[in-house]
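In: Pasting the sequence and the predicted coordinates here, then a few questions.
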Amino acid sequence: MGYGKVTKKELDLLRKIVGSERISTGKSVLDLHGKDESFHPKRRPEVVIWPLRAEEISRILKLANRKRIPVTPWGAGTSVEGNPIPVKGGMVLSFEQMNHILELRTEDLQVRVEAGVLDKELNQYLSRYGLFFPPDPGASATIGGMVGNNASGIRTIKYGSTKDFVLNMVVVLPSGEIIHSGTNAMKSSSGYDLCRLFVGSEGTLGVVTEVTLRLMGLPAEFMAAVVQFSAVREATDTVSMIMRSGLSPTALELLDVPTIQVVNQYKKLSLEERPTLFIEFHGTSSVALKEDLEVVKEICTDHHSLWFNAGIGREERNRLWEARHEVHDAIKAGNPGTSSLVIDTAVPISRYSEMVAWGQKVLEKKGLKGYVFGHAGSGNLHMEILGITGNEKERLKVEGAGEEVVSFALERGGTATGEHGIGIGKKKFMKREHGESLKLMKQIKELLDPKGIMNPGKMFE
Ligand SMILES: Cc1cc2nc3c(=O)[nH]c(=O)nc-3n(C[C@H](O)[C@H](O)[C@H](O)COP(=O)(O)OP(=O)(O)OC[C@H]3O[C@@H](n4cnc5c(N)ncnc54)[C@H](O)[C@@H]3O)c2cc1C
């Protein structure tokens, strides 16, 4: 059975639910909600809706379910795998107006937020109370989108990813039923962990409207270092050794020479064009951090580092991290007329050096331009492989290169996606990565969403 269309009748019913000012069928609005940050083809939804309450979403889902109309939740559209692109049309639910911080409980280190709250705004607010929510995807993402993709970032090696911070949530199921999952307790052994099921489900199982997050105290002290090497292998071997030495870095990022070049240009930096590690430690005392720094320096020297600049001031450290966060924008600006395939495979740390070397080899072998960087400390390789926009032959070549990189990771006990999710581009790897348990995933999907209305065309082929 095909999907239903949003006709005048449905638009009238939607207006009754949310009011006419909170739905739009305007072309520019539909265009804005038909693409994300990936190279996947755009697809306009038929209508965009801005709900304000779970009860409204419940009524919308009941309507959509009756008519089998696709519904795609929309955070900020910063995904890089086509995750929020409404590939089957239908309704897009934007969380732009569900952006309230509902309750801060400093004594419990917890905050309850609506799904549309932006991560950056939340962290700005929390900093006034000496608190923060650590997963940091770099882009201006919403909490709902971070839950959807189980986002993480540069601090994951120390603090974990989004799933480690979700205590409980309110979800509207495709049937329209509103459920509450989880508690405010720091730990629980009670029943199936449904929160973890919804985290990373990319809007395919239900709509998350409210989330209670665990928080951390802002660190009192930090230490940052920039280390450069003559070869990428020396840098990646250093990463494995730092992680194995019992140290607990907050961030350990790799940037290859092309990445340093493009970032230098974009951010007006003057870093030497060499394979580089950005390292950061958080702690409670500068004495302990200095001891950590000595160990790091020794490991770097053992791996023939050429340049080691540590303890750089807060301003310079912020500038460097900003540069790291803007790698994607720097690549875009430095390569007009191209689109990039973003790779985010993750492997066990002992295989990281091989993974990076393989990524570089694939680029060379295929004669493609690309950038190699990543959250090295968590074994997460990022590559952006470039192709001329609109050139089908080139797109296939780029995709072929991506497949070679992902296959390498899977064969070494890794994953096709460390943080960006499956979306459209990684569906083809699901069987290889999950084997027989893929069947169970599909059964869960069928149980919760028998008509397949939630973000169809994603996750499964
Ligand atoms: C420059 C750049 C850097 C990035 N760096 C990182 C990084 O370091 N780490 C990382 O993890 N990601 C990174 N990303 C990817 C992206 O920012 C994250 O995946 C982010 O979590 C997406 O959030 P969003 O609000 O934009 O969600 P969207 O892209 O709008 O949606 C993401 C998914 O969640 C679903 N969804 C959204 N809201 C809800 C809801 N309320 N209920 C249920 N499902 C929902 C959507 O349907 C979709 O499947 C980066 C992106 C860019 C552009």
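Out: Perfect, thanks for sending it.

In: need the next SSE after the helix ranked longest in the chain, C-terminal direction.
Out: For the chain, the helix with the greatest residue count under DSSP state H is helix 392-411. Taking DSSP states H and E as the definition, the helix or strand that follows helix 392-411 towards the C-terminus is helix 430-434.

In: For the longest helix of the chain, name the packing helices and strands.
Out: If contacts are counted by 3 or more C-beta pairs under 8 Å, 6 or more residues apart in numbering; DSSP states H and E, helix 392-411 sits against strand 338-343, helix 352-366, strand 382-388, helix 430-434. Every C-beta, even on glycine, is put in place using the N, C-alpha and C of the backbone.

In: what do you get if the cut-off is 7 Å, keeping everything else the same?
Out: strand 338-343, helix 352-366, strand 382-388 (3 or more C-beta pairs under 7 Å, 6 or more residues apart in numbering; DSSP states H and E).

In: Could you give the average pLDDT over the second one?
Out: It stands for helix 352-366. The pLDDT scores in helix 352-366 average 97.

In: List the contacts of that helix.
Out: Helix 352-366 is contacted from outside by 232-233, 236-237, 239-240, 345, 347, 370, 372, 376, 379, 381, 383, 385, 397, 401, 404-405, 408-409, using C-beta atoms under 7 Å, 6 or more residues apart in numbering.

In: Would you mind checking the residues you listed for buried ones?
Out: Listed as buried from the contacts of helix 352-366 are 232-233, 236-237, 239-240, 345, 347, 370, 372, 376, 379, 381, 383, 385, 397, 401, 405, 408-409; burial here means 16 or more other C-beta atoms under 10 Å.

In: I'd like to know how many residues surround the closest residue to K35 other than its chain neighbours.
Out: Among residues not flanking K35 along the chain, K42 sits closest, at 4.3 Å (C-beta to C-beta, 6 or more residues apart in numbering). By other C-beta atoms under 10 Å, the residues close to K42 number 14.

In: do the same with E294
Out: Neighbourhood size, E294 [other C-beta under 10 Å]: 11.

In: how near is it to the ligand?
Out: 29 Å (C-beta to the nearest ligand atom, to the nearest Å).

In: Just confirm that residue is within a strand.
Out: No. Counting by DSSP: H, G, I helix; E, B strand; the rest coil, E294 is located in no strand; its state is helix.

In: Tell me the confidence at it?
Out: E294 carries a pLDDT score of 92 in this model.

In: residues from the protein in reach of the ligand?
Out: 36-37, 72-80, 83-84, 95, 115, 137-139, 141-142, 144-146, 148-149, 151-153, 202-203, 207-208, 328, 419-420, 455 (C-beta under 6 Å from any ligand atom).

In: Which ones among the residues you listed map onto helices?
Out: 144-146, 148-149, 328.

In: list the contacts for V262?
Out: When contacts are counted by C-beta under 7 Å, 6+ apart, V262 touches 330-331, 334, 371.

In: Pull the number of nearby residues for the residue of the stretch 201-350 of the chain found nearest the ligand.
Out: The ligand sits closest to G203 of the stretch 201-350 of the chain, with a gap of 2.9 Å, by C-beta to the nearest ligand atom. By other C-beta under 10 Å, the residues close to G203 number 26.

In: Spatially nearest residue to the residue nearest the centre of the chain (excluding sequence neighbours)?
Out: Most central in the chain under C-alpha atoms, centre = their mean is A151, positioned 3.6 Å from the mean C-alpha point. In this structure, A151 finds its nearest non-sequential neighbour in P137, 4.3 Å apart by C-beta to C-beta, 6+ apart.
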